[in-house]
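Q: need a 3D model of the following:
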Amino acid sequence: MTDAPQMTLMTPEDVTAHFTRPDGSFTFARWGRPIVPVVFGVEEETLEIVKGAIEAVVVLAGHKMAETDPELGANLMVFFFRDWDELLDVPKLGEMIPDLEPLVSRLKAAGASQYRAFRFDNDGAIQACFTFVCMSGDMAEQPAESIALAQAVQAVILWGEGAFGAKSPLALLPDGQTILRPEIAALIKAAYDPILPPCAGDASHALRMFARMQIAVPDGETQH
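A: The predicted structure follows:
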């Protein structure tokens, strides 16, 4: 049996930092409807890995998945590709992502490996998420399980841009198994507490999530 990593205790400031924008503002949002994923650009074997990771994180959050979204059909669209220019050839993508061409140019110039665009409903909850993963450079060297779990985590909540800049949300066990870091699992569970609102723009929301993290004990549901 492989020992699970010990939870790193987060402070209220740590929680706040995960939802803080570069300008210092606090922004939080979670999904307000069942998640319906669709994945493009992968083979069947990898498709199952990606969908399995999404389902694991959704179950961890205590949220729901569905077969179809009544408005959008699919509301979590995940695109895998080897060159950002490939996005310009995806039919109707420009209708869903405003200013797609200049966006692709900026991402190429920045050497970006991933990008997410969220849409929100009238209550401020996440309505849809478009996830783009460029499988080149370092990203192409990562195991499919790690990529899938990391993308699922980053799509289930609207995190701050620098939330995982210094430290990955994942942990690697001695046997090579990739799991979600226990403190991030606890934070996701707390974020989906039904008592809490689906969105918030005040840092006091971080204190409410922190309080709930004290009883949100990870149970390994996101292991892959």
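Q: so Ala155 sits right up against Phe132, yeah?
A: No: if you go by CB atoms under 8 Å, Ala155 and Phe132 don't touch, sitting 11.2 Å apart. C-beta here means a position set from N, CA and C on the backbone, and glycine is covered the same way.
Q: name the residues contacting each of these two.
A: Shared contacts of Ala155 and Phe132 (CB atoms under 8 Å, 6 or more residues apart in numbering): Arg116.
Q: what about these two, which has more around it?
A: A count of neighbours by other CB atoms under 10 Å puts Phe132 above the other of Ala155 and Phe132, at 27 against 24.
Q: can I assume the more buried one is in contact with Leu87?
A: Yes: Phe132 is in contact with Leu87 according to CB under 8 Å; the separation is 6.6 Å.
Q: need the residues touching each of the two.
A: Common contact partners of Phe132 and Leu87 (CB under 8 Å, 6+ apart): Phe79, Phe81.
Q: got a list of what the spatially most central residue of the chain touches?
A: Central residue of the chain (CA atoms, centre = their mean): Gln154, 1.6 Å from the mean position. Counting by CB under 8 Å, 6+ apart, Gln154 makes contact with Gln114, Arg116, Thr131, Phe164, Pro169.
Q: now the helix ranked longest in the chain: buried residues?
A: If you go by DSSP state H, the chain has its longest helix at helix 44-61. Buried residues in helix 44-61, counted by 16 or more other CB atoms under 10 Å: 46-47, 49-51, 53-58, 60-61.
Q: OK, contacts around Gly124?
A: Shown in contact with Gly124 (CB under 8 Å, 6+ apart): Ala29, Pro198, Cys199.
Q: highest neighbour count among the residues you listed?
A: Most neighbours among these, by other CB under 10 Å: Ala29, with 23 neighbours.
Q: my read: that residue touches Gly201, true?
A: No: between Ala29 and Gly201 there is no contact under CB under 8 Å: 9.4 Å.
Q: break this protein down into its domains, please.
A: Listed by automatic domain parsing, the domain ranges of the chain are 1-30+157-218, 31-142.
Q: got those as a markdown table, with mean pLDDT columns?
A: Output for the domains of the chain, formatted as a markdown table (pLDDT from 0 to 100):
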| stretch | mean pLDDT |
| --- | --- |
| domain 1-30+157-218 | 89 |
| domain 31-142 | 95 |
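Q: turn those into JSON lines, columns for distance to Leu149.
A: Putting the domains of the chain into JSON lines (distance: least, CB to CB, whole Å) gives the following:
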{"stretch": "domain 1-30+157-218", "distance to Leu149": "6"}
{"stretch": "domain 31-142", "distance to Leu149": "5"}
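Q: how about those, which one is nearest Ala148?
A: The closest of the domains of the chain to Ala148 is domain 31-142. By CB to CB, the value is 3.8 Å.
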